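J.: Mind looking at a prediction? Sequence and model below.
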Amino acid sequence: MTTAAPAMTDPPPADIDPSKMPPQIPFIIGNEGCERFSFYGMRNVLTTFLVGYLLLDVAEVDRAAAAKDVMHTFIIGVYFFPLLGGWLSDRFLGKYNTIFSLSLVYCAGHAFLAVFESWRPGFYAGLALIALGSGGIKPCVSSFVGDQFTQRNKHLAKVVFDAFYWIINFGSFFASLTIPLLLKHVGPSVAFGVPGLLMFVATVVLWLGRDQYVIVPAQPADPHAFSRVLKTALFSGVGPSAGAALVLVGVAVAVFSLAGIGSLGVVPALCMALVALLVFGGVGAWLQLDRARGVHPDDDVDGARSVLRVLVLFALVTPFWSLFDQKTSTWVIQAGAMTKPAWFQPSQMQALNPLLVMLLIPFNNLVLYPGLARLGVTVTALRRMTAGIVFSGLSWIVVGALQLAMDAGAPLGIVWQVLPYAILTFGEVLVSATGLEFAYSQAPPKMKGVLMSFWSLSVTIGNLWVLLANAAVKNDTVTTAIASSGLSVVAFQMFFFAAFAFVAAVVFGLVAARYPVVDRYRS
């Protein structure tokens, strides 16, 4: 079975029937539905499996924290590897070959989970392979869909993207309902094997349409790319460079972070080093971006400044992701301590999220936003994102209150978690979908891919905050201070993350109020 698809160009306009869907689209939609089922199926039972099976040799008091560390390290990988996948696609392999090749890696990762479900090194290797495969294809799939349309039939693209989003939530919903039951009644090999089988089917479906896809080949290196503009701004010119000095400071901070591998762990230390380089390098480039003029076209220099400006907003969204992604760890662990029917598994609560997304998006677009507009309230993208971060904090206030009641000995039914799930999902719809659209609108055409990669990286950094918070509560001084407050460590962390979100929302709102919004959609 060959991996390469024939290089096709856009069909001549006469060959396109603008009233008919391109015949290759069902293969892409089918691939996405099976892939999303496989990913959410394994991810949503991962914490339960770690606590109940793989980490039994860890002291019970430390087991939940250890499971959270593994879960959020995995998510960090999933949202870091889009940088690699986008680079491979743009420079070497093209979108189809990147998706197909990394899908095979993805399948191998699922096989490792099913085979090595009782051997920790093999299981962790499987998680690494899935992170590489799932993350690597992430920046390619949506743009691969867009490549299948031309000016003549672009009106059908919206229909396809709506179907694309729907199939993602459809796969997530049913995976969240079924895979936890397989884990309980059949065992982890089958619970991880079924998602692996779906990923194999996804890969086969993608391959079956290989002769019909429109293939946009990889492009040569752009001499005026975002990274090259920043490099020129930092290191060109005559005389001392404040930007280069800041890069050196960033390197020093990164080295200091790497020196903390022993106490923080490899992944948090590496992420801290990356954050230091990005922050100091970005600030340095911003201060002297005009040095790049004359070497690069003014449009590219202005585009780089737009990207840097949006990255400030992305940095302020990272606290939201630290709250949102803990629904697969902290909230699952809390659900396990709640009363529930014998047949119901804590991981099945994850099905609420995609179900609510499918309900809230049409509600917002058809009822909420038009209603606010009639009241004279302008609902801009940045206002929606600010409100979304606030709602994420509110959801953690609610889940923290539930934890306080449980710590006091009150038995709570799992139905109580419906309320924080609803509030958090409402926040997700306001932040996630809006953020992608906003980023696309702010970047010049050649830098849209860069911003999409940084959006994924914001999720990585959000999960870094979770790992750092988990590491902090292992310190004796910190745990003593928490104990003096009268709160359990779990409840304290819940209220801490709520406060983290509220502070981020205030700062985000202040920055957003001064942000010069532009419109860089294609004409």
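T.: Nice, thanks for sending it over.
J.: quick check: mean pLDDT across stretch 500-518?
T.: For stretch 500-518, the mean pLDDT works out to 92.
J.: Met42 contacts Leu113, correct?
T.: Yes: Met42 sits in contact with Leu113 when judged by C-beta atoms under 8 Å, with a separation of 6.4 Å. All C-beta atoms are positioned from the backbone trio N, CA, C, and that covers glycine.
J.: More neighbours: which of those two?
T.: The residue with the greater number of neighbours, taking Met42 and Leu113 and applying other C-beta atoms under 10 Å, is Met42; the counts read 29 against 26.
J.: tell me which residues of stretch 135-155 are tucked away?
T.: By neighbour count with 16 or more other C-beta atoms under 10 Å, stretch 135-155 contains the buried residues 135-141, 143-145, 147-150, 153.
J.: Ok, stretch 310-330 next?
T.: Neighbour counts using 16+ other C-beta under 10 Å place 310-330 of stretch 310-330 among the buried residues.
J.: Likewise for stretch 296-311?
T.: Taking 16+ other C-beta under 10 Å as the neighbour-count basis, stretch 296-311 is seen to contain the buried residues 296, 300-301, 303-308, 310-311.
J.: Using PDB, write out every CA atom in stretch 199-218.
T.: As requested, the backbone C-alpha atoms of stretch 199-218 are provided in PDB (Å, rounded to 0.1, in the frame of the first residue of the first chain):
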ATOM      1  CA  MET A 199      -8.100   4.600  13.900                       C
ATOM      2  CA  PHE A 200      -7.100   1.800  11.500                       C
ATOM      3  CA  VAL A 201     -10.400   2.200   9.700                       C
ATOM      4  CA  ALA A 202      -9.900   6.000   9.500                       C
ATOM      5  CA  THR A 203      -6.500   5.400   7.800                       C
ATOM      6  CA  VAL A 204      -8.000   3.000   5.300                       C
ATOM      7  CA  VAL A 205     -10.800   5.400   4.500                       C
ATOM      8  CA  LEU A 206      -8.300   8.200   3.900                       C
ATOM      9  CA  TRP A 207      -6.300   5.900   1.600                       C
ATOM     10  CA  LEU A 208      -9.300   4.800  -0.400                       C
ATOM     11  CA  GLY A 209      -9.900   8.400  -1.600                       C
ATOM     12  CA  ARG A 210      -6.200   8.900  -2.600                       C
ATOM     13  CA  ASP A 211      -6.900   9.100  -6.400                       C
ATOM     14  CA  GLN A 212      -9.600  11.800  -6.000                       C
ATOM     15  CA  TYR A 213      -8.000  14.400  -3.700                       C
ATOM     16  CA  VAL A 214      -6.800  17.800  -4.800                       C
ATOM     17  CA  ILE A 215      -3.100  17.800  -3.700                       C
ATOM     18  CA  VAL A 216      -1.400  21.100  -3.000                       C
ATOM     19  CA  PRO A 217       2.400  20.300  -3.000                       C
ATOM     20  CA  ALA A 218       4.800  21.400  -0.300                       C
END
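J.: How about residues contacting that stretch?
T.: The set of residues external to stretch 199-218 that reach it, using C-beta atoms under 8 Å, 6 or more residues apart in numbering, is 1, 5-11, 22-24, 26-28, 30-35, 38-39, 89-96, 99-100, 103-104, 106-107, 110, 144, 147-148.
J.: Now do the strand or helix carrying Val141: which elements does it pack against?
T.: Per DSSP states H and E: Val141 is located in helix 120-147. Identification of packing neighbours for helix 120-147 by 3 or more C-beta pairs under 8 Å, 6 or more residues apart in numbering; DSSP states H and E yields helix 25-44, helix 60-80, helix 82-88, helix 94-115, helix 155-185, helix 448-472.
J.: ok, now with 6 Å
T.: Secondary structure elements in contact with helix 120-147, counted by 3 or more C-beta pairs under 6 Å, 6 or more residues apart in numbering; DSSP states H and E, are helix 60-80, helix 82-88, helix 94-115.
J.: Okay, angle between the first one and helix 448-472 too, please.
T.: Taking axes from the mean of the first three to the mean of the last three C-alpha atoms, to 10 degrees, one finds that helix 60-80 is oriented at 170 degrees with respect to helix 448-472.
J.: One more: the longest one?
T.: Here helix 94-115 points in a direction 30 degrees away from that of helix 448-472 (the same axes, to 10 degrees).
J.: Show residues contacting helix 94-115.
T.: Contacts to helix 94-115, defined as C-beta atoms under 6 Å, 6 or more residues apart in numbering, come from residues 3, 5, 85, 88-89, 122, 125-126, 129-130, 132-133, 136-137, 140, 144, 189, 192-193, 195-196, 199-200, 203, 213, 215, 217-218.
J.: again with the shortest one
T.: For helix 82-88, the external contacting residues (C-beta under 6 Å, 6+ apart) are 98, 135-140, 449, 453, 456.
J.: And the residues you listed, which is closest to Ala225?
T.: Each of these was checked against Ala225 using C-beta to C-beta; the closest is Gly449, at 9.9 Å.
J.: Report the contact partners of the closest one.
T.: Gly449 makes contact with Gly86 under the criterion C-beta under 6 Å, 6+ apart.
J.: coming back round to it: what is in contact with Met42 and Leu113 at once?
T.: Common neighbours of Met42 and Leu113, using C-beta under 6 Å, 6+ apart, are Phe192.
J.: Just the ones of the buried residues of stretch 310-330 in helices?
T.: 310-324, 330 (DSSP state H).
J.: for those, which one is nearest Pro445?
T.: For Pro445, the nearest member of those is Val310. The distance, counting by C-beta to C-beta, is 14.8 Å.
J.: Relative to Val275, how far out is the closest one?
T.: 17 Å (C-beta to C-beta, to the nearest Å).
J.: Next: Leu206.
T.: Note on Leu206: its distance to Val275, by C-beta to C-beta, is 34 Å.
J.: Between those two, point out the one with more neighbours.
T.: Neighbours per residue (other C-beta under 10 Å) separate Leu206 from Val275, with Leu206 holding more: 25 against 20.
J.: Make sure the more buried one is indeed in a strand.
T.: No: for Leu206, which was evaluated using DSSP: H, G, I helix; E, B strand; the rest coil, the result is helix, with no strand membership.
J.: From Glu35, how far off is it?
T.: Noted for Leu206: a distance of 9 Å to Glu35, by C-beta to C-beta.
J.: now do Leu198
T.: Going from Leu198 to Glu35 by C-beta to C-beta gives 8 Å.
J.: do the same with Gly265
T.: Separation of Gly265 from Glu35 (C-beta to C-beta): 29 Å.
J.: Which one of the two is surrounded by more residues?
T.: Counting neighbours by other C-beta under 10 Å for Gly265 and for Glu35 shows that Glu35 has the greater number, 28 against 17.
J.: The nearest residue to that one once chain neighbours are set aside in helix, strand or coil?
T.: Here the nearest residue to Glu35 in space, its sequence neighbours aside, is Ala202; by C-beta to C-beta, 6 or more residues apart in numbering that works out to 4.3 Å. Following three-state DSSP, the label given to Ala202 is helix.
J.: Give me the neighbour count for Ala202.
T.: Using other C-beta under 10 Å, Ala202 has 25 neighbouring residues.
J.: shaky segments in the protein?
T.: Screening the chain residue by residue with the criterion pLDDT under 70, one finds the ranges 1-19, 151, 154-155, 157-159, 161-162, 237-240, 440, 519-523.
J.: which residue packs closest to Gln334, ignoring adjacent ones?
T.: Among residues not flanking Gln334 along the chain, Gln403 sits closest, at 6.3 Å (C-beta to C-beta, 6+ apart).
J.: Report the buried residues of the host helix or strand of that neighbour.
T.: Assignment of secondary structure by DSSP H and E places Gln403 within helix 381-407. Residues 381-404, 406 are the ones in helix 381-407 that count as buried (16+ other C-beta under 10 Å).
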